[in-house]
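A.B. asks: how would this look folded up:
(chains A and B)
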Amino acid sequence: DGGITQSPKYLFRKEGQNVTLSCEQNLNHDAMYWYRQDPGQGLRLIYYSQIVNDFQKGDIAEGYSVSREKKESFPLTVTSAQKNPTAFYLCASSIRSPGQFGSNQPQHFGDGTRLSIL
Amino acid sequence: DAKTTQPNSMESNEEEPVHLPCNHSTISGTDYIHWYRQLPSQGPEYVIHGLTSNVNNRMASLAIAEDRKSSTLILHRATLRDAAVYYCLLSGTYKYIFGTGTRLKVLA
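C.D. replies: Numbering: from 1, shown residues only, chains lettered A, B, ... in the order given. Just a heads-up that it's a prediction; the model follows:
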């Protein structure tokens, strides 16, 4: 079955450490996204990529970094510069909307990674 | 900045229709209105989307106001499996803005 796989499901980080969250999709989608969700809140966009080797900052990119070397993979690194990294992180993918991002194409989400600070 | 506003929670009896409202008064002309729902510890699931006209699919209906400043997700017959947090969001050129969601409780 096609879908998005995020790993690990739970992740713990010590102060000052960088951690990388994995996101893999086999839906053959060009566009991929990373969101952060805090308790009782909606999703906020961290980074997005419309095509391999290209990505753009979202609304809350500070303290995060990404790469898009392969179509099926879009890993997110939470750096030590992110002062409040504890959250639920969600990865998504969609068919690319030519000329603009995410407009009329539904996004398919993974089941998330919950990151906590030790 | 574009913004979506939803009630924090709603209740419905099983097998009755549910109307979930969303206000998006700052919507732009090219913004699509999407709805997703999320179960605990899972990623959101796509429900429906539209631009100007009302839309129907197997899961739900979407009614969009004529001025597009509000929309309503309609579940025709709520079941216990429909209990979730429902998010309205605006999707347009280089923006994808989720609201804070409505928690739907379905009573047996």
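A.B. asks: which residue sits closest to the residue in chain B that chain A sits nearest to, ignoring its sequence neighbours?
C.D. replies: Closest residue of chain B to chain A, CB to the nearest CB: B:Gly43 (3.0 Å). Quick note: C-beta positions are derived from backbone N, CA and C, even for glycine. Beyond its immediate neighbours in the sequence, the residue positioned closest to B:Gly43 (CB to CB, 6 or more residues apart in numbering or on different chains) is A:Phe109, lying 3.0 Å away.
A.B. asks: Which residues are in contact with that neighbour?
C.D. replies: Residues counted as contacts of A:Phe109 (CB atoms under 8 Å, 6 or more residues apart in numbering or on different chains) are A:Ile4, A:Leu90, A:Cys91, A:Ala92, B:Gly43, B:Pro44, B:Glu45.
A.B. asks: What subset of those is buried?
C.D. replies: The neighbour count (16 or more other CB atoms under 10 Å in any protein chain shown) marks A:Ile4, A:Leu90, A:Cys91, A:Ala92, B:Gly43, B:Pro44 as buried among the contacts of A:Phe109.
A.B. asks: Farthest-apart pair in the contacts of A:Phe109, please.
C.D. replies: Using CB to CB, the two most remote members of the contacts of A:Phe109 are A:Cys91 and B:Glu45, lying 14.4 Å apart.
A.B. asks: and the end-to-end length of stretch A:48-60?
C.D. replies: 11 Å (CA to CA, to the nearest Å).
A.B. asks: swap in stretch B:6-23?
C.D. replies: Distance across stretch B:6-23, first residue to last, is 7 Å (CA to CA).
A.B. asks: what do you get for stretch A:72-87?
C.D. replies: Between the opening and closing residues of stretch A:72-87 we find a distance of 24 Å, counting by CA to CA.
A.B. asks: Looks to me like the residue of chain B closest to chain A is in a strand.
C.D. replies: No. Assessed with DSSP: H, G, I helix; E, B strand; the rest coil, B:Gly43 is coil; it does not lie in a strand.
A.B. asks: tell me the secondary structure for the nearest residue to A:Tyr64 once chain neighbours are set aside?
C.D. replies: Leaving aside its chain neighbours, A:Tyr64 sits nearest to A:Ile46 (5.3 Å; criterion: CB to CB, 6+ apart). Three states are possible here, and by three-state DSSP the one that applies to A:Ile46 is strand.
A.B. asks: now do the one 3 residues further on
C.D. replies: Secondary structure, three-state DSSP: A:Ser49 is strand.
A.B. asks: which residues touch it?
C.D. replies: Neighbour list for A:Ser49: A:Ala31, A:Met32, A:Tyr33, A:Phe55, A:Gln56, A:Val66, A:Arg68, A:Phe74 [criterion: CB under 8 Å, 6+ apart].
A.B. asks: What residue, apart from its backbone neighbours, is nearest the last one spatially?
C.D. replies: Across the structure, with CB to CB, 6+ apart as the measure, the residue nearest A:Phe74 apart from its sequence neighbours is A:Met32 (4.0 Å).
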